[in-house]
Structures are given as structure tokens and as C-alpha cells.
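In: Sequence plus the predicted model coming up.
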Amino acid sequence: MDFSYLVKIIRLGRIHFLTAGFLTFTSGALLAGVLTGQFSLDKFLWGYLVLLPAHLSISYSNDYFDWEADHFIKPNLFSGGSGILVENPELRSTSRNIAVGLILISIFLAILFSILYLSPLFLLLVIFGNLLGWFYSAPPLKLSYRGLGEIAMMISGFIIPGLGYLTIAGLIDLKFIIFSIPSMLYQFVFILSVELPDRKGDKKAGKNTFVVKYNIKTSLLLILLFAILGSVSFLIMGQSNIYPSVNFNLVTLLSLIPVITVIGIYIKKVQFGLVNLTKYIVSSLILLILLIDIYFLTLMANILSI
């Protein structure tokens, strides 16, 4: 195996996407720590070790099953695939095999975790998450081709932080279910954002995405609406008595970052390229979850120091 081959295999994985997954998993784990007053670094690391290969497998499987569609799309940092298989079709089977291997590793680790910590729900959630990631583009379901890709991504907004919460709390309760609502809304914002630059190529490839079915303007308005709904969700959580140890009013202020980002594009009426527009929106989402994690981490540190 020469170095250039190894570089191509690594690039197929689009490792930068793991950052958002890690931050989202962490938000669920830290929230569980804040609410229970307990946090196990060992369980946290093991829980994420289960998610890591599952999340990584999606890049490899998507590139394999989207090979034909990716011929119509120019890849960029956040969308369009890696472009590696289009230029190197001989790596297709390797990409598929890596995806399958990563899924098996994830499920195997989940089995060990579930046995050790008596958590069958964790195993079921991991299996479901892996299947969702695989069939996002794989036949016979091909969710992203049948107009169900956005729903699948919204479900991942429950699964990923849910695994973090379950890792630490040992259960999925009403407090997490409510917290997952804005998470799912932001996943919808994310998927519509990354679909924007691929609209023409996806249409040629027969992908029935929301952006293909409607148009750029409608998609942008829906992105803004769902970002606002995310803030409203946090505001309602802040006004309730469900989370006495968490200041969700502060989180609401942080959640205005994506809202202001999208509104700013409209107010300035700047002709952003679709790739840049995607970059700005996705970056605002990553910044939001990072700041939420920092806030939760501060709360967790204060609780553990008492």
C-alpha cells in the first residue's frame, strides 16, 4: 500500500464531519452529567468509541452508493461527497468494505458496552443508528433518493445526543426527549444547507431531496424558520421548571447565532455563492453546539467540585 493510496482512503472518510458528531454526542453526555450530578470519563470515551466508527462509516457508504450521482456534483468541504471514487472508481469496493467493517466494529463495541453496563437500549439505538446511516443512500430504501433523507437526518438529531445521554444517565427520559427537539430541528437546518450546492446535480441524478423538489428560496426560508424554532424550543425550556440546574435562557441567546447568520444574508442582500452560504450556516451550527458544550462543561465542573 503506497502513501497516495492511504491518503485517498483517509480522504474518503471526510474526517472533519466527525467534529459535529462528537460535539453533539458530548452535549447529550454533559447534559446527563449536569442533571444527575455524575460523570464517568471512562463511560463517555467508550460510548463515543461506539459512535465513532458508525459515524465514519456513513462517509464511506454514501460515497459508494452515490458514485453515479457524484459525477454531476462538484465536491466541497460540506457537500458533494469526497470526489475520490469519481476519480478513482477502482476504490469503490474498498469504500464499501470499509463501511461494512466500521459498522460491525460499532455494533461489536456496543454489545460489549451493553453487557458491561446492562444497557440493552444502548445496543438497540446503536443498531438502529447504523442501519439509518447505511440506508440513507443504500438500496433498497435509499432514503435520500426517496425524499426521506431530511427525516433521517432529523432522527439522527435524536440518536447522536441520545447515545451520549444514555451513556452517562443509563436511560432516555422526558428531559432528554425535550432537549432533543432543538437538536432535531438543527439537523434539518444542516441537511437543507448541505443540499443547496448539490441541487442541480442531485436533480440530474434523480435524488428527490427537499431542495430539488422545491427551490433555493423556499429552502432558505425553511432553514430560517427551523433555526428560529430551535431558539423558541430553548426559550420554552428556559421558561419551564424542568431544568432547574441549567440556564436555558442563556442557551437561547447562543442559539441566535444561526438565526442571525441566515437573517444577515437576507438583510445585506449579498449574492453569496451556494457553497459559501452552506459554509456559513454549517459553521454557525458547529459554533452553537461548541458553545453549548462549553457551558454544560462549566456547569459540570462546578457540580463535581462541590
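Out: Yes, it's here. Residues are numbered from 1 along each chain as shown.

In: What are the buried residues along stretch 135-146?
Out: For stretch 135-146, the buried set under the neighbour-count rule, 16 or more other Cβ atoms under 10 Å, comprises 135, 136, 137, 138, 141, 142, 143, 144, 145. C-beta coordinates here come from the backbone N, C-alpha and C atoms, glycine included.

In: Closest to residue 261 out of those?
Out: residue 144 (24.9 Å; Cβ to Cβ).

In: show me the contacts for the closest one.
Out: With contacts defined as Cβ atoms under 8 Å, 6 or more residues apart in numbering, the neighbours of residue 144 are 136, 137, 152, 207, 209.

In: Just name the lowest-scoring one in those residues, pLDDT-wise.
Out: The member of those with the lowest pLDDT is residue 207, at 88.

In: Which pLDDT value belongs to the nearest residue to that residue once chain neighbours are set aside?
Out: The shortest distance from residue 207 to any residue other than its chain neighbours is 5.2 Å, reached at residue 145 (Cβ to Cβ, 6 or more residues apart in numbering). Model confidence at residue 145, given as pLDDT, is 92.

In: for residue 145, phi and psi?
Out: Here the main-chain torsion angles of residue 145 (degrees, to the nearest 10) amount to phi -90, psi -20.

In: hey, where'd the helices end up in the chain?
Out: For the chain, helices defined by DSSP state H occupy the ranges 3-12, 18-36, 41-65, 84-87, 92-117, 120-135, 149-169, 174-195, 199-205, 210-213, 216-239, 248-254, 256-268, 274-305.

In: now the fifth one: how far from the chain's centre is it?
Out: The one in question is helix 92-117. 18 Å (Cα atoms, centre = their mean, to the nearest Å).

In: Return the set of buried residues in that helix.
Out: Within helix 92-117, the residues that qualify as buried are 94-96, 98-99, 102-103, 105-107, 109-110, 113-114, counting by 16+ other Cβ under 10 Å.

In: Stretch 195-205: which residues count as buried?
Out: Result for stretch 195-205 [16+ other Cβ under 10 Å]: buried residues 195, 196, 197, 198, 199, 201, 202, 205.

In: got a list of contacts for that stretch?
Out: Looking at stretch 195-205 with Cβ under 8 Å, 6+ apart, the contacting residues turn out to be 66, 68-74, 76, 78-80, 207, 209-212, 216, 219-220, 274-275, 277-278.

In: Same check on stretch 288-306?
Out: Contacts with stretch 288-306, where a contact means Cβ under 8 Å, 6+ apart, come from 20, 23-24, 26-27, 30-31, 33-34, 37, 39, 186, 245-246, 250-251, 254-255, 257-258.

In: now stretch 164-174
Out: 24-33, 35-36, 38-40, 43-44, 46-48, 117, 119, 121-122, 125, 162, 176, 179, 242.

In: can we see that at 7 Å?
Out: In this structure, residues lying in contact with stretch 164-174 by Cβ atoms under 7 Å, 6 or more residues apart in numbering are 25-29, 31-33, 36, 39-40, 43-44, 47, 119, 121-122, 125, 162, 176.

In: Tell me the span between the first and last residue of it.
Out: 15 Å (Cα to Cα, to the nearest Å).

In: can you check stretch 74-84 too?
Out: The straight-line separation of the ends of stretch 74-84 (Cα to Cα) is 11 Å.

In: Now do the buried residues in it.
Out: Neighbour counts using 16+ other Cβ under 10 Å place 75, 76, 78, 79, 80, 81, 82, 83, 84 of stretch 74-84 among the buried residues.

In: next one: stretch 219-229
Out: The neighbour-count check on stretch 219-229 (16+ other Cβ under 10 Å) flags 219, 220, 222, 223, 224, 226, 227, 228, 229 as buried.

In: and what of stretch 236-244?
Out: Across stretch 236-244, burial judged by 16+ other Cβ under 10 Å covers 237, 238, 243.

In: Would you mind putting the buried residues of stretch 135-146 into TSV with distance to residue 16 alongside?
Out: Below are the buried residues of stretch 135-146 laid out as TSV (distance: Cβ to Cβ, whole Å):
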residue	distance to residue 16
135	24
136	19
137	19
138	23
141	27
142	25
143	23
144	20
145	25
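
In: Kindly give a single ChimeraX line that selects the buried subset of the contacts of stretch 164-174.
Out: Applying 16+ other Cβ under 10 Å to the contacts of stretch 164-174, the buried members can be selected in ChimeraX as follows:
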select :25,26,27,28,29,31,32,33,39,43,44,47,119,122,125,162,176
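
In: quick one: low-confidence parts of this structure?
Out: Low-confidence segments of the chain, defined by pLDDT under 70, are located at 1, 268-272, 306.

In: I figured residue 226 hits residue 191, correct?
Out: No. Taking Cβ atoms under 7 Å as the contact criterion, residue 226 and residue 191 are not neighbours in contact, 10.2 Å apart.
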